[in-house]
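[1] one predicted model, sequence on top.
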Number of protein chains: 2
Amino acid sequence: MIIEVNQAPVYIVDDDSDFRESLAWLLDSGGYQCRGFASAEAFLEAYQGEAACLLLDVRMGGMSGLELQHQLLERDYLLPVILITGHGDVPMAVEAMKNHAVDFISKPFDDSQLLALLQRVMAELPQRFKRQALRHQARAGWAELSGREREVAVLVAEGLSNKALAEALGISIKTVEIHRSRVMKKMAAQSLAQLVKMLGTLAQP
Amino acid sequence: MIIEVNQAPVYIVDDDSDFRESLAWLLDSGGYQCRGFASAEAFLEAYQGEAACLLLDVRMGGMSGLELQHQLLERDYLLPVILITGHGDVPMAVEAMKNHAVDFISKPFDDSQLLALLQRVMAELPQRFKRQALRHQARAGWAELSGREREVAVLVAEGLSNKALAEALGISIKTVEIHRSRVMKKMAAQSLAQLVKMLGTLAQP
DNA sequence: TTTTCCCTAGGTGATAATGCCCATGGACAG
DNA sequence: CTGTCCATGGGCATTATCACCTAGGGAAAA
């Protein structure tokens, strides 16, 4: 059997230490580097935004798995979340999936199925975190834009030329050029394509 | 009470005619234009891709709601699907949400809750179908591109200038310009921004 | 073999974008 | 009242992009 070593760690959050350990054993055997947390609060305190995958128990003392997932969304962390529960119901599962969980698994589950799921998730981790980085950059830049600059940014990303923009806003091409230049600088965009992508990440939740 | 008339129709697919009618009554009272279908097959035959919202029963004779949802995904229809079921289980709900259902509702449900959900869905319909149109345009254009043109298209959308592209591919700037021009023409993109957005819709499932 | 498609590349000119200088007037905080 | 930010706009030079023309070589299909 070939054991691959995956660089990105898997974080297990569950207040049942036995379950954490048995899950850790499974993941170790799959070649994953993993670390356990006994509560959602402990994880939130330790997590710094690095690329990883999260295995999350729904029912826990203190903050529940769903609440933790919501917290991560609010902090704009796009790390993939797999929820695990002993006694889940439909509304709970729907809520989790609405909040962009990768999967919602009921115990007991098939070990090989979880490993297969993790493999898929790990494969798309780079894309996910590239997207997260772009989104954070976009948020930071957008916050620095003035009102007029935001208007210009949106229309530039719509594909309008400076000329068309000037007509649309009723100002001179020169002024558009200046706004546009400031937009690119403040958003730290190296190209129009990157600006378009950044604004795209802001448009979608 | 103010009754709004929403232009986009709501399609109800359920093999229980009583339920279809009671649901239609509810939606009428909410100002929605709606139409019922007795089976998934009947709906698929009638649907032409127009903007709409879909209320879908999970259990039906013939094709199930989940199967219909899957069919719509395969045909690249991005119309919003709300699944309704009498006896749903967790895996079923998870599967539906993975396939981009807007919601998964168990009977009996609260009427006002469904109306509120529909209001949200209808509000974002224009965005959704703009995105679908862009995606279809992107697929059609992409199919016509040659191998080299696809390479160029990807790198252009990454933000590379013609000069950088020429160096990356080891060809002259002139040739890059020609490929790029053909890409824009075949993809029917009016601007670089639109090309970037189109390739973005292809990248995501 | 001839036709067709793809990739290659140069020339010329028009249009667009970018970066640098300059400046004016309003609004708002200190 | 003065400094700062914002929006406005002109000039000038460089680079980029794009649209039109030209054309050769290779590969695959008819």
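    Cool, got the structure.

[2] every contact and neighbour count from this point should use C-alpha atoms.
    OK.

[3] output the contacting helices and strands for the helix ranked longest in chain A.
    Criterion DSSP state H: the longest helix present in chain A is helix A:125-144. The helices and strands touching helix A:125-144, judged by 3 or more CA pairs under 8 Å, 6 or more residues apart in numbering or on different chains; DSSP states H and E, are helix A:173-186, helix A:192-203.

[4] ok, the helix or strand bottoming out on mean pLDDT in chain A: who's next to it in the sheet?
    Using mean pLDDT, DSSP states H and E, strand A:6-13 stands out as the lowest-scoring helix or strand of chain A, at a mean of 90. In the sheet, strand A:6-13 lines up against strand A:32-37 (parallel), strand A:53-57 (parallel) (DSSP bridges).

[5] ok now the shortest one, how far from the chain's centre?
    Averaging C-alpha positions (CA atoms, centre = their mean, to the nearest Å) puts strand A:53-57 14 Å from its chain's average.

[6] nearest residue to residue A:44 in space, please, no chain neighbours.
    residue A:68 (8.0 Å; CA to CA, 6 or more residues apart in numbering or on different chains).

[7] packing partners for whichever strand or helix holds the one you found?
    Applying DSSP states H and E as the criterion places residue A:68 in helix A:65-74. Under the contact definition 3+ CA pairs under 8 Å, 6+ apart, helix A:65-74 sits against helix A:40-46.

[8] leaving out chain neighbours, which residue sits closest to the residue sitting furthest away from the middle of chain A?
    For chain A, the residue at maximal distance from the C-alpha centroid (CA atoms, centre = their mean) is residue A:172, at 39.9 Å. Once flanking residues are discounted, residue A:172 sits nearest to residue A:166: 5.4 Å by CA to CA, 6+ apart.

[9] what about that neighbour, how many residues nearby?
    18 (other CA atoms under 10 Å in any protein chain shown).

[10] let's verify it: helix, strand, or coil?
    helix (DSSP: H, G, I helix; E, B strand; the rest coil).

[11] now do the contacts for it.
    Applying CA atoms under 8 Å, 6 or more residues apart in numbering or on different chains to residue A:166 gives the contacts A:172-173, A:175-176.

[12] that one and residue A:174: what is the separation?
    8 Å (CA to CA, to the nearest Å).

[13] now do residue A:11
    Taking CA to CA, one finds residue A:11 at 52 Å from residue A:174.

[14] can you check residue A:200 too?
    In terms of CA to CA, residue A:200 sits 26 Å off from residue A:174.

[15] which of those two has more neighbours?
    residue A:200 (18 against 12).

[16] nearest spatial neighbour of the spatially most central residue of chain A, chain-adjacent residues omitted?
    Closest residue to the average C-alpha location of chain A: residue A:78 at 0.9 Å, with CA atoms, centre = their mean. Spatial nearest neighbour of residue A:78, chain neighbours left out: residue A:132 (6.1 Å); criterion: CA to CA, 6+ apart.

[17] list the contacts for the one you found?
    Counting by CA under 8 Å, 6+ apart, residue A:132 touches A:76-78.

[18] out of the residues you listed, which sit inside strands?
    Here DSSP state E is the test, and the contacts of residue A:132 give no hits in strands at all.

[19] closest to chain B out of the residues you listed?
    Nearest to chain B out of these is residue A:78 (CA to the nearest CA; 15.4 Å).

[20] wait, doesn't the residue nearest to residue A:44 sit right on residue A:39?
    No. Applying CA atoms under 8 Å, one finds residue A:68 not in contact with residue A:39, separated by 9.6 Å.

[21] quick check: residues of chain A near chain B?
    A:88-90, A:93-94, A:97-98, A:103-104, A:156-160, A:190-194, A:196-197 (CA under 8 Å from any CA of the partner chain).

[22] picking up where we left off before, now, which of the contacts of residue A:132 sits nearest DNA strand D?
    Comparing those against DNA strand D with CA to the nearest atom of the strand places residue A:76 closest, at 25.0 Å.

[23] coming back round to it: deepest in the core, which of the strands paired with strand A:6-13 is it.
    strand A:53-57 (a mean of 24; mean count of other CA atoms under 10 Å in any protein chain shown).

[24] tell me the angle of that one relative to helix A:65-74?
    Inter-element angle recorded for strand A:53-57 and helix A:65-74: 150 degrees (by axes from the mean of the first three to the mean of the last three CA atoms, to 10 degrees).

[25] send the alpha carbons of strand A:53-57 over as CSV?
    Listed next in CSV are the C-alpha coordinates belonging to strand A:53-57 (Å, rounded to 0.1, in the frame of the first residue of the first chain):
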residue,chain,number,x,y,z
CYS,A,53,-9.5,20.8,6.1
LEU,A,54,-11.9,20.7,9.0
LEU,A,55,-13.7,17.6,10.4
LEU,A,56,-16.4,19.0,12.7
ASP,A,57,-18.7,17.3,15.2
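
[26] list of residues touching it?
    By CA under 8 Å, 6+ apart, strand A:53-57 touches A:8-14, A:64-65, A:79-85, A:121-122.

[27] for residue A:40, what are its contacts?
    Contacts of residue A:40 (CA under 8 Å, 6+ apart): A:13-14, A:62-65, A:68.

[28] how does it look with 7 Å?
    Counting by CA atoms under 7 Å, 6 or more residues apart in numbering or on different chains, residue A:40 touches A:13, A:63, A:65, A:68.
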